[in-house]
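> Pasting the sequence and the predicted coordinates here, then a few questions.
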Amino acid sequence: MRAFGDNRRRSKAMLELRHLTKRYGALEALHDLSFTVQPGEIFGFVGANGAGKTTTMRVVLGVLEADSGNVIWDGAPITFAARRRIGYIPEDRGLYPKMAVLAQLEYFGRLHGLKRNAAREASTALLERLGLADRAKSQLQSLSHGNQQRVQLAAALVFSPELLVLDEPFAGLDPVAVDSMTEVLRSEADAGKPVVLSSHQLDIVERVCDRVGIINHGQMVALGTVDELTDRGPSRFWVDAPRAAAGWYDSLAGTTLVEQDGSRWLIQVGEGADDQAVLRAALATGPVHEFRRDRPALTQLFRDVMSGKAIDE
Amino acid sequence: MNSQALIRVIATREFLARIRTRVFAITTVLTVVGIGAYILLQAYVLNKSATSLAVGFVGTAQSISAPVRAEAAALGETITVQPYASLAAGTADLQSGTIDALVSGSGPSTTLTTQSSVDPTLETALNDQARQQVLTEYLTQHGLSPSDALGQLNFSVGVNELSPVNAARVEQIVIGLLVAGILYVTMVIYGQLVAAGVIEEKSNRIVEILLATVRPWQLMLGKIAGIGLVALIQVVLVAGVALVLASVTKLVSIPTLSVDVVVSGIVWFVLGYLMYALLFAAAGSMVSRQEDVSSVALPVIMVLVAGWILALTVAAPDPGSPGTTVLSFIPLFSPVIMPVRIAAGVAPFWQVAISVVLVIATIFVFAAIAGRIYRNSVLRVGGRVKFSDALGLTPSGEKLT
């Protein structure tokens, strides 16, 4: 796949947020929020409405100032010049409705310091890559929602940013558009750029992101790779043992029944207990058709977090 | 990328986005056509009153046709003489409209016949010449030399004006008001465009992307500069058309519509626009919806309207009065009052210079205040931003979404 724009400037820099705090009057929007995004990593930021995702992104962009804490880019507090190298899609989309698509991209390219010709070349190339070349002269408002979203992405990429910060980039996109957006983001990350995105669509986040942070009331409540997050919590196993009678697991220390669904049993294995002993006990009852680690989907994890169930870090 | 280059990129977009609009084309064409039509109409009306009269002279009346024509010419009216042998032939031509007036008879019985109204200049010339004809005959009969006697009358009374009224004065005031009026209308229109432009970016949330790239004041200045350039082009275009037409039709003699009136008008436009555009930009940043533009721009427009009313009621009747002089030094009013004084020729250079300095100082103060209001307001959506919040007087009371 062809990488976007000018990827020679591989800064391989890391983005760090350190102890960010932000208050709006009585409301604490961010509370001691910290996380890092490595070069080449797609970081997914999930949380309920009002959890602080957008505030965090605005602080990174410098559109909003944190009360305390630091945004560190490439080892030093981020500067205005460095922020100008961030490709940004804000939560509320922002482009000129009556401006032609190509002219619009050129404008953003020039605002980020590209010369006239370079801005035109980069814009034309991006439109071609996104399948919008035939709409170059159209007013933005005449495009479909999905295509406007692509132009928004193009506006964030036209100046070959070193870091991408995308607030809800998948909102309102159909599955095909999500795939092409994902593909673009992956290629940007592969070029060594850190990518931060927020989304409500947890299935997409689970699929696309290398690491995920769950934020609630301005605090990071879970942070890690998707596997790390779903590995947390008690280990549970689905056991399909048609001949097992009630209490077949009683002899095993620290083992409890969570749920029974016909011949399927969800067994929670206590701290330090041996999951293989559970399998042996099940086999002792007769045939076992299924023995599977119960890994909660990110959606389940997210619900647990939102409903206040503690997740041990 | 330095500030200047960034502001230029922003200004270029604003300029192109507006100069290509139908609104600009239509308002420019309408204004130019309107002013052109007005000037041509004036010229036509003035020419009409100065058109030459065709006057028929019947028989003996022909003896005074030459002196009547000479006197009328001295009074600024051209007369074409049409001799007639008979009264009937002359009357027929008068009725058919071939001639405008018919003179018949001689001496005390000289008669002027017209279709409806009598041209006063012609009547005066005719009276003078008929009387002179009678007087000449009378003097000759009594053995006196008519040329000697009439030579005694060859004088005019001396005239002393204790406070002379400059003949060009009214014309100058009209010019001054015209300049002030164009500036006033343009500032109102383009000032509101600035406010609307700020709100557009705010309501579309483009401003969030822009402010991740440029400083708020750069964005504000770029917008003001770009829209201002469009306004300046319109002003220069309109003024240029008016100047050319006026001088071609000789309606306004070039000395009164002097180059310094036009040049100072453009300078005052630039200064006045900058001063007011900053206020309009700050006002626009405080609301989020296009519908609110008029309510938030109203206080600024009121100040402009007040200045224009003062120009009409105080400055125009007496540009040299102390009241006008004082008003012309108030920065918010200078752009509409000073052009009237300048056109009337009663503004000494040092006074103009001082008021220019005052306005420039005001622009700097407004830039600081407007920049602050803009920075504190432009990212806040929802209701109207409170003035104290906009000025940043209340600490961290902000909420973005």
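Ah, there it is. Numbers count the residues shown, from 1 in each chain, chains lettered A, B, ... in the order given.

> any chance you could map the helices in the stretch 101-250 of chain B?
Counting by DSSP state H, counting those that start in this stretch, the stretch 101-250 of chain B has helices at residues B:120-141, B:146-152, B:169-203, B:206-211, B:216-248.

> Show me which residues of the stretch 101-250 of chain B are close to chain A?
The stretch 101-250 of chain B comes close to chain A at residues B:200-201, B:204-215, as judged by Cβ under 8 Å from any Cβ of the partner chain. Quick note: C-beta positions are derived from backbone N, CA and C, even for glycine.

> repeat that with 7 Å
B:204, B:205, B:206, B:207, B:208, B:209, B:211, B:212, B:213, B:214 (Cβ under 7 Å from any Cβ of the partner chain).

> Skip ahead from the helix or strand residue B:261 falls within and say which helix or strand is next.
In the assignment (DSSP states H and E), residue B:261 maps to helix B:259-285. Remark: after helix B:259-285, the chain's next helix or strand is helix B:293-310, criterion DSSP H and E.

> Quick one: classify residue A:183 as helix, strand or coil.
Three-state assignment for residue A:183 (DSSP: H, G, I helix; E, B strand; the rest coil): helix.

> how near is it to residue B:307?
60 Å (Cβ to Cβ, to the nearest Å).

> more crowded one of these two?
Per other Cβ atoms under 10 Å in any protein chain shown, whichever of residue A:183 and residue B:307 has more neighbours is residue B:307, with 25 against 12.

> I'd say that one and residue B:338 touch.
No: with contact defined as Cβ atoms under 7 Å, residue B:307 does not reach residue B:338; the gap is 10.6 Å.

> hang on, the earlier thing: ranking the residues of the stretch 101-250 of chain B next to chain A by neighbours, who comes first?
Counting by other Cβ under 10 Å, top hit in these: residue B:208 with 27 neighbours.

> Now do the contacts for the closest residue in space to that one that isn't next to it in sequence.
In space, and not counting its chain neighbours, residue B:208 is closest to residue A:90: 4.3 Å by Cβ to Cβ, 6 or more residues apart in numbering or on different chains. In this structure, residue A:90 makes contact with A:167, B:205, B:208, B:209, judged by Cβ atoms under 7 Å, 6 or more residues apart in numbering or on different chains.

> what's the closest non-adjacent residue to the first one?
Once flanking residues are discounted, residue A:167 sits nearest to residue A:91: 4.1 Å by Cβ to Cβ, 6+ apart.

> Near chain B, which residues of the stretch 1-150 of chain A are found?
So far as Cβ under 7 Å from any Cβ goes, the stretch 1-150 of chain A lies against chain B at A:23-25, A:54, A:61-64, A:83-84, A:86, A:88, A:90, A:92-97, A:99, A:107, A:110-113.

> Can you flag which of those belong to strands?
A:23, A:24, A:86, A:88 (DSSP state E).

> Any chance of a markdown table for those, columns pLDDT?
Formatted as a markdown table, those follow (pLDDT from 0 to 100):
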| residue | pLDDT |
| --- | --- |
| A:23 | 88 |
| A:24 | 84 |
| A:86 | 92 |
| A:88 | 92 |
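
> May I ask which of the residues you listed has the most neighbours?
Going by other Cβ under 10 Å, residue A:86 tops those with 26 neighbours.

> what's the pLDDT at the nearest residue in space to residue B:356 that is not next to it in sequence?
Spatial nearest neighbour of residue B:356, chain neighbours left out: residue B:271 (6.8 Å); criterion: Cβ to Cβ, 6+ apart. We note a pLDDT of 95 for residue B:271 in this prediction.

> what about residue A:119, neighbour count?
For residue A:119, the neighbour count with other Cβ under 10 Å is 23.

> does it sit in a helix or strand, and which one?
helix A:116-129.

> after that helix comes which helix or strand?
Helix A:116-129 is succeeded, C-terminally, by helix A:145-157 (DSSP H and E).

> Distance from the one helix or strand residue B:358 maps to to the middle of the chain?
Assigned by DSSP H and E, residue B:358 belongs to helix B:349-377. For helix B:349-377, the separation from the chain centroid amounts to 26 Å (computed by Cα atoms, centre = their mean, to the nearest Å).

> What pLDDT is listed against the residue lying farthest from the centre of chain B?
For chain B, the residue at maximal distance from the C-alpha centroid (Cα atoms, centre = their mean) is residue B:143, at 61.7 Å. Residue B:143 carries a pLDDT score of 84 in this model.

> next one: the one 4 residues further on
In the prediction, the pLDDT value recorded for residue B:147 is 82.

> nearest spatial neighbour of residue 236, skipping sequence neighbours?
Answering for chain A, as no chain was given. Residue A:236 sits nearest to residue A:294 (Cβ to Cβ, 6+ apart), 4.0 Å away.

> Sorry, I should have been clearer: chain B.
Leaving aside its chain neighbours, residue B:236 sits nearest to residue B:266 (6.7 Å; criterion: Cβ to Cβ, 6+ apart).

> That neighbour and residue B:349, how far apart?
Applying Cβ to Cβ to residue B:266 and residue B:349 gives a distance of 17 Å.

> Please identify which of those two sits among more neighbours.
Counted by other Cβ under 10 Å, residue B:266 and residue B:349 do not tie: residue B:266 has more neighbours, with 15 against 9.

> In stretch A:182-190, which residues are buried?
A:182, A:184, A:185, A:187, A:188, A:189 (16 or more other Cβ atoms under 10 Å in any protein chain shown).

> part of a strand, is residue A:28?
Yes: checked against three-state DSSP, residue A:28 lies within a strand.

> wouldn't it be in contact with residue A:218 here?
Yes: using Cβ under 7 Å, residue A:28 makes contact with residue A:218 at a distance of 5.5 Å.

> Pull up the per-residue confidence for whichever residue of the stretch 201-313 of chain A sits closest to chain B.
Of all residues in the stretch 201-313 of chain A, residue A:218 sits closest to chain B, at 13.5 Å by Cβ to the nearest Cβ. Listed pLDDT for residue A:218 reads 87.

> How about the contacts made by the residue nearest to residue B:356?
B:335, B:356, B:359, B:360 are the contacts of residue B:271 under Cβ under 7 Å, 6+ apart.

> What count of nearby residues applies to the first one?
Around residue B:335 sit 29 other residues, with neighbours defined as other Cβ under 10 Å.

> Then the last one?
The local packing count at residue B:360 equals 13, with neighbours defined by other Cβ under 10 Å.

> hmm, back to that, residue A:28 and residue A:218: which has the busier surroundings?
residue A:218 (23 against 16).

> Pretty sure that one sits against residue A:31.
Yes: between residue A:218 and residue A:31 there is a contact under Cβ under 7 Å: 4.4 Å.

> Same question for the one helix or strand residue A:278 maps to: list its buried residues.
Element membership for residue A:278 (DSSP H and E) is helix A:275-285. Buried residues in helix A:275-285, counted by 16+ other Cβ under 10 Å: A:278, A:279, A:281, A:282.

> export the residues you listed to CSV and tack on distance to residue B:281 and pLDDT?
As requested, the buried residues of helix A:275-285 are exported to CSV (distance: Cβ to Cβ, whole Å; pLDDT from 0 to 100):
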residue, distance to residue B:281, pLDDT
A:278, 71, 87
A:279, 72, 88
A:281, 76, 87
A:282, 74, 87
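
> Next, format these as a markdown table and append distance to residue A:231.
Shown next, in a markdown table, are the buried residues of helix A:275-285 (distance: Cβ to Cβ, whole Å):
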| residue | distance to residue A:231 |
| --- | --- |
| A:278 | 18 |
| A:279 | 19 |
| A:281 | 23 |
| A:282 | 22 |
